[in-house]
Structures are given as structure tokens and as C-alpha cells.
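*Asks:* After the sequence you'll find the predicted model.
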Protein chains: 2
Amino acid sequence: MRYFVTGGAGFIGSNLVDRLLADGHSVTAYDNLSTGLLPFLDDAHKAGDRFKLVEGDLLDDKRLAGAIAGHDFVFHMAANADVRFGTDHPRRDLEQNTIVTYNVLETMRHAKINQIAFASTGSIYGECPVVPTPEDAPFPVQTSLYGASKLAGEGLIAAYCSGFNYRAFIFRFVSILGERYTHGHVFDFYQQLAEHPDRIRVLGNGKQRKSYLYIQDCIDAIFTVIAKSPAAVNIYNLGTDEYCEVNDSIGWICNRMNVTPTREYTGGDRGWIGDNPFIFLETRKVRSLGWKPKLTIQQGIMKTVEYLAANPWVFEKRK
Amino acid sequence: MRYFVTGGAGFIGSNLVDRLLADGHSVTAYDNLSTGLLPFLDDAHKAGDRFKLVEGDLLDDKRLAGAIAGHDFVFHMAANADVRFGTDHPRRDLEQNTIVTYNVLETMRHAKINQIAFASTGSIYGECPVVPTPEDAPFPVQTSLYGASKLAGEGLIAAYCSGFNYRAFIFRFVSILGERYTHGHVFDFYQQLAEHPDRIRVLGNGKQRKSYLYIQDCIDAIFTVIAKSPAAVNIYNLGTDEYCEVNDSIGWICNRMNVTPTREYTGGDRGWIGDNPFIFLETRKVRSLGWKPKLTIQQGIMKTVEYLAANPWVFEKRK
């Protein structure tokens, strides 16, 4: 199969590229390198002719159309994943997550490709009254521009399935972490403690309950769903069956780094506007296909800290 | 109060403008006249200085910013309401319903206006397994580009409420009809029978079950909700507590026009791709505020036929 991976130089995208290549497929990664990092594709380049990187922006319809032609399946993983700073630049989520998804769908249509997998998010549930939150939770009310932009992306994809006979796999992720993880809670905490081991600043009261999933478990789940889920529109939560407090994850990171910082809390039960104090997705649906995560949240965080400790260069790139 | 009504020369918009003026308010209608009709504002102009029409497109940020400044409340009624032909021009729904809603929200932010009412649609429920469909129905799967684009608009508005302290009133309409109604089932049927009283072409099998609400009842409901619903994000279905078959409405129209056409069905349980064979919204929430419709569906259809019979010019404009 010939796969096209948008955001192919990103955290999840590049891990997906490696897996597809390991399985013998041909892969084109499409990335504007706004947050993607070229070294994440060092392994991919070893596959020779089976791998190609196209540097391009998804808002550039022409470049996208030229690159996407001839593929069988699109993994649309490119996104602005900056949940926290949405209100600083509201247009970014609209452009990078909604309009770009439309561009991908339209370009696919002209190239006669009709299979797509989409990186959505548990954030689209807003602050759901049902926890753990299932895929058919009550109609959500958005609390972040990021969630709203991904909800719009999901809606477009489902409408294309109905209108143009696409087949879609929509994944609502909890926070994913592991190798090549370069933004979010654990990254921020590690970075702070590497710079000043004696103190750590925590947004909110640290009691926010969050879920995380290890990247390799996430990719296993994606391929399980694609292999076993036959509907036109296939929507799956991806997460573990546990959650932890932000304070727990800080404790684990501190233990691993052997530091005992003073914790400075900014206060309140939310880290930022739109921060959901309790994210925990119901994952019975994906488990019913036989998948389960191999790593616990704590093990996933340990893998992440080990990766960050072994790859200090990612902090240079993120400055 | 100073109200700004997008789509103010349209069917629902112009009726809303008239009501606001009758209640003594100042109103600016903003419309690009792509489907709005100037004669719909003949009554409004009688209000003199209290009414102003600005011809402009919502994609024209600058013109919009100039027009919106100084208002207290925005009714965002402009839309591409062409559910049926979405797949002929997928970009239209994205632009006219999603991007434009973003433009309205952003322009409001810069003008320090934070109250908005939004014309959404029952189409965003897709083909909901729960009928009558309540506001907190299970997480919907979109079946039309129109529904997807309105869902995206709703999401943006809710995110602005959370991120920028807006207050919003989101109305999920069934089909609205009555004076100035110029597209949809009843319009098409009337137009056909006026042209050739001996036959009528019906998309699908005519057994699709639809809901309609009379425009004046709709506007009563909108003002009831705005007066009595104190949350930041207020979401209400608007409809009657009945539905009818397409065949019923054809029968009523034929009776009123005194014609007995042969009915030609295109067949199938859907009139077009994404047509929902059963639309019936739960309206307990809005009724709990004391509102109820004054007209039945049949009475609303009669009012519509009478309007169309008295205003043959609208068919000229729609050609």
C-alpha cells in the first residue's frame, strides 16, 4: 500500500511513518516543518525509495495535490496541537485544523483517494458530564478553540463519507507520549526540572486528572481499528483504562530525575482557559477489538523521561 | 438596544429585523444579497433612522468590522442554507457557514461585542437514533456538508464563550416556513404546481417525515429564549411537537391550490444524499420556558402557500 502521512515529521506522524515502513509499505510524509523535526525521519530515510518527504504546507492546495496523487490511504495527522494558547491566535486552529482538513479531503477527492484516518482528540467532548466518556457521549459543548477545530474536522470527514463514499477512521486521543514527544505537561515539567531542579511551577492546583497513552500502544490501536472496523465512519477513543493526577506525574518524573523541587501552584482547578480538570475516555470500544495497551500511564511517562534525557537536542529545537 | 443582523435581507433575518424594529430597537442588516431580497426590507425602511442596510459580504473582514462597530448584540442568521446541493460545491458550506462564523466572532471581539444568537439546524444531529431528538442527543455523526459546517459554527461559538466570555444563543431549527419563505420543499412543490398543475415530481418516496415551524412562532421562541435563558451557552431546538410526511404536505398544498396532480416519485427513502428520512426534534426544553407554537404544521404550510400565491414576484427573483 502507498500511504500519505500529513504531519509526517511530527511526534505521532513520524512514529506512524516508521511503523508503516517496517510493515513493508511505501510512505510519503508531508510536513511544513512548523513543529515537525527532520531528525524524526532519520530512520525513515533508511527505507530508501519506499520513503519520501515532501516539505509543504497543507494550505498550499497545488503542492498538496501534486504530492498526494497516486496514494491509496491518507493519515491526516498534521495539526496545531497547541490546546493551551488557542485564545492567543484564534485563527490558527481554524486554519491548521479545520480548513486544512477540508483541503486534504478535497485534494483526495480529485486524486480519487477515499480512505482517511484522522487524529482527533478527547478535547472535543468539552467538559462531558459522563466520565469515563464514551464515543456516543451526550452532544458536546466545546470549551476550547482546539476542540472546536477538531470537531469541525471530524464533521467534514463524516460528511465526505456520506456525500462522496469515503471510508474514515477517526481517533479521539488522550494525550499521547513516548519517543519524540515534544510538547505538553510531561515535556514542560521535564524541561523545568532540567533547568532548575529545585522548583517547579504547576498551572492550576495539580489535581487535574489526565489520561495518557504510550505512542506505540496508540499506533497498535490505530492499526487494529483499521484492520477490524468495517463501517464507513469508524470513531474510536484511544486511551488507557486509568488516569492520574498532574501531581502524580510530577512525582514520577521527580523520582526518575532524582530531584525534590518545591512545587509552586498557580492555583484554581484549571491550568488554563478551557483546561478540562478531568479527562478520562471510555475505551471499551477499541478494547472489544482485542487491543489493549502494553504500558501503564506511569510506564509511558518513564519512557518519555528516558527519551527526553537521551535527546537533549529536542529542547534546543523547541526554543 | 442596537442589533446587528447578518443575513438581514433573508427569509428569517428580515422577519427578525421587522420584529426588532417593532419592539423599538435600532437595527443594522448586513447582507450580500446573494439570496436575500431587497423587497423583504421595505417595511424595515419605514423605521427611518432606526434601520440601516449594509450591503456587504461576511468574508470581507474590513467591511464587516466597519459595519458591526457600535452594536450591542449580533444575530448571525446569514448562511448557505442549501442542504441539498452541498456535494456540488463543498467549499460553499465551509466558507459561508464556518469561516464566516469565525469572521463574525473575531470582528465582534475587536468591537467588544460579546452577545450572539446563531441560526443552527437540526441537520447537525445527522441521522440520530433518538427521535424526537433532544439537545443532548448522542454525539452526532454528520451526514451532510451543511450539517458539518453548522456544527463547526456552533463549536466555534461555544469556544468563544469559554475563551472570551461571550454569551451565546444557539438555535437548532427544523425547516422554517411562512411569509418570505423562498426555498425548500413547500416552495418547490408550489412552484411546480403553479407551472404544471397536472403533475408533481417528488424526490424520494414521499414518506420522509419532516418537521416545520412557522416563522412568527420561531421568532417568538428566539426572544423567549434570549429573555429567559441565563447560561453562557444556551442551546435550544426549535420546532413543533408534530411532524408530517412529505406526502401530507403535498396533499395540503394541492387542496389549497385546488389541483390534483399525478405524483411522480424518484424513489428511495431519501430525497438526496444526506437527506434525513425522519427529522423530529424534541422541544421540551424551549417549551419549559413557556413558549409554544401558535400554528400547527398544516397551518404554517397554508400561510406559506397564501404568501407565495400573493407574491409571485419571488419566483421571478429565484430564477
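*Replies:* Looks like it arrived, so ask away. All of these numbers come straight from a predicted model, not from anything done at the bench.

*Asks:* Beta-bridge partners for A:Tyr30, please?
*Replies:* In this structure, A:Tyr30 has beta-bridge partners A:Thr6, A:Val54, where bridges are defined by DSSP bridges.

*Asks:* show me the contacts for it.
*Replies:* With contacts defined as Cβ atoms under 8 Å, 6 or more residues apart in numbering or on different chains, the neighbours of A:Tyr30 are A:4-8, A:54, A:56, A:58, A:64, A:67-68, A:78. No exception for glycine: its C-beta is placed from N, CA and C like everyone else's.

*Asks:* can those go into TSV with extra columns for neighbour count and pLDDT?
*Replies:* Putting the contacts of A:Tyr30 into TSV (neighbours: other Cβ atoms under 10 Å in any protein chain shown; pLDDT from 0 to 100) gives the following:
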residue	neighbour count	pLDDT
A:Phe4	29	98
A:Val5	28	98
A:Thr6	30	98
A:Gly7	28	98
A:Gly8	29	98
A:Val54	17	98
A:Gly56	17	98
A:Leu58	24	98
A:Leu64	24	98
A:Ala67	22	98
A:Ile68	20	98
A:Ala78	29	97
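
*Asks:* what about the strands in the stretch 1-150 of chain A?
*Replies:* Listed from the start of the chain, the stretch 1-150 of chain A has strands (DSSP state E, counting those that start in this stretch) covering A:2-6, A:26-31, A:51-55, A:73-76, A:115-121.

*Asks:* out of those strands, which comes closest to A:Trp291?
*Replies:* The stretch from the strands of the stretch 1-150 of chain A with the least distance to A:Trp291 (Cβ to Cβ) is strand A:115-121; that distance is 15.0 Å.

*Asks:* ok, the residue in the stretch 1-150 of chain A positioned nearest to chain B - contacts?
*Replies:* Closest approach between the stretch 1-150 of chain A and chain B, counting by Cβ to the nearest Cβ: A:Ala148, at 3.5 Å. With contacts defined as Cβ under 8 Å, 6+ apart, A:Ala148 is in contact with A:93, A:142, B:152, B:155-156, B:158-159.

*Asks:* Find the nearest non-adjacent residue to it, please.
*Replies:* Counting by Cβ to Cβ, 6 or more residues apart in numbering or on different chains, A:Ala148 lies nearest to B:Gly155, which is 3.5 Å off, once chain neighbours are set aside.

*Asks:* Okay, domains of chain A per the record?
*Replies:* Per the record's domain assignment (automatic domain parsing), chain A is made up of the domains A:2-176+A:212-238, A:182-211+A:242-280+A:296-317.

*Asks:* quick one: secondary structure of the residue nearest to A:Ala148?
*Replies:* Secondary structure assignment for B:Gly155 (DSSP: H, G, I helix; E, B strand; the rest coil): helix.

*Asks:* Would you confirm that it contacts A:Leu151?
*Replies:* Yes: counting by Cβ atoms under 8 Å, B:Gly155 does reach A:Leu151; the two are 4.6 Å apart.

*Asks:* what touches both of the two?
*Replies:* Residues touching both B:Gly155 and A:Leu151 comprise A:Gln142, with contact defined as Cβ under 8 Å, 6+ apart.

*Asks:* where's A:Ser229 relative to A:Cys254, distance?
*Replies:* Between A:Ser229 and A:Cys254 the distance is 40 Å, computed by Cβ to Cβ, to the nearest Å.

*Asks:* weakest of the domains of chain A by average pLDDT?
*Replies:* Of all the domains of chain A, the minimum mean pLDDT falls on domain A:182-211+A:242-280+A:296-317 (a mean of 92).

*Asks:* With respect to B:Glu282, which of the domains of chain A lies nearest?
*Replies:* Between B:Glu282 and the domains of chain A, the tightest spacing by Cβ to Cβ is seen for domain A:2-176+A:212-238, at 11.8 Å.

*Asks:* And the helices in the stretch 1-150 of chain A?
*Replies:* In the stretch 1-150 of chain A, helices defined by DSSP state H, counting those that start in this stretch lie at A:11-22, A:42-45, A:61-68, A:90-93, A:100-110, A:145-164, listed in chain order.

*Asks:* Can you spell out which helices and strands pack onto the third one?
*Replies:* When contacts are defined as 3 or more Cβ pairs under 8 Å, 6 or more residues apart in numbering or on different chains; DSSP states H and E, helix A:61-68 packs onto strand A:26-31, helix A:100-110.

*Asks:* Pick the most buried one from those.
*Replies:* Across those, the average number of neighbours (mean count of other Cβ atoms under 10 Å in any protein chain shown) peaks for strand A:26-31, which reaches a mean of 25.

*Asks:* Neighbours of the residue nearest to A:Ala148, how many?
*Replies:* Counted with other Cβ atoms under 10 Å in any protein chain shown, the burial measure for B:Gly155 works out to 29 neighbours.

*Asks:* and if you look at the one 10 residues further on?
*Replies:* The criterion is other Cβ under 10 Å. On that basis, B:Asn165 has 10 neighbouring residues.

*Asks:* wait, it sits on B:Asn114?
*Replies:* Yes: taking contacts as Cβ under 8 Å, B:Asn165 lies within contact range of B:Asn114: 6.1 Å.

*Asks:* Can you lay out the helices and strands packed on helix A:61-68 as JSON lines showing distance to B:Leu193?
*Replies:* Formatted as JSON lines, the entries for these read as follows, by distance: least, Cβ to Cβ, whole Å:
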{"stretch": "strand A:26-31", "distance to B:Leu193": "53"}
{"stretch": "helix A:100-110", "distance to B:Leu193": "37"}
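
*Asks:* List the contacts of the closest residue to A:Ala152 other than its chain neighbours.
*Replies:* Distances taken as Cβ to Cβ, 6+ apart place B:Ala152 nearest to A:Ala152, at 3.4 Å, with adjacent residues excluded. For B:Ala152, the contacting residues are A:98, A:148, A:151-152, A:155-156, B:97-98, B:101, by Cβ under 8 Å, 6+ apart.

*Asks:* If we use 10 Å, what do you get?
*Replies:* Counting by Cβ atoms under 10 Å, 6 or more residues apart in numbering or on different chains, B:Ala152 touches A:94, A:98, A:102, A:142, A:148-149, A:151-156, B:93-94, B:97-99, B:101-102, B:124, B:142.

*Asks:* isn't A:Ile235 right up against A:Gly155?
*Replies:* No: here A:Ile235 does not reach A:Gly155: they are 11.6 Å apart, not a contact under Cβ atoms under 10 Å.

*Asks:* Need the overlap of contacts for those two.
*Replies:* For the pair A:Ile235 and A:Gly155, residues contacting each of them under the criterion Cβ under 10 Å, 6+ apart are B:Val141.

*Asks:* Distance to B:Thr240 for the strands of the stretch 1-150 of chain A - can I get that in a markdown table?
*Replies:* As requested, the strands of the stretch 1-150 of chain A are exported to a markdown table (distance: least, Cβ to Cβ, whole Å):
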| stretch | distance to B:Thr240 |
| --- | --- |
| strand A:2-6 | 45 |
| strand A:26-31 | 49 |
| strand A:51-55 | 54 |
| strand A:73-76 | 41 |
| strand A:115-121 | 35 |
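
*Asks:* So what's the gap between stretch A:176-190 and the chain middle?
*Replies:* 11 Å (Cα atoms, centre = their mean, to the nearest Å).

*Asks:* in it, what's buried?
*Replies:* Of all the residues in stretch A:176-190, those buried under the rule 16 or more other Cβ atoms under 10 Å in any protein chain shown are A:176-187, A:189-190.

*Asks:* Run through the residues that contact A:Gln208.
*Replies:* With contact taken as Cβ under 10 Å, 6+ apart, A:Gln208 is in contact with A:185, A:202, A:243-247, A:268-271, A:275-279.

*Asks:* my bad, should have said A:Asn237
*Replies:* Neighbour list for A:Asn237: A:120, A:122, A:125, A:132-135, A:137, A:171-174, A:211, A:221, A:280-287 [criterion: Cβ under 10 Å, 6+ apart].
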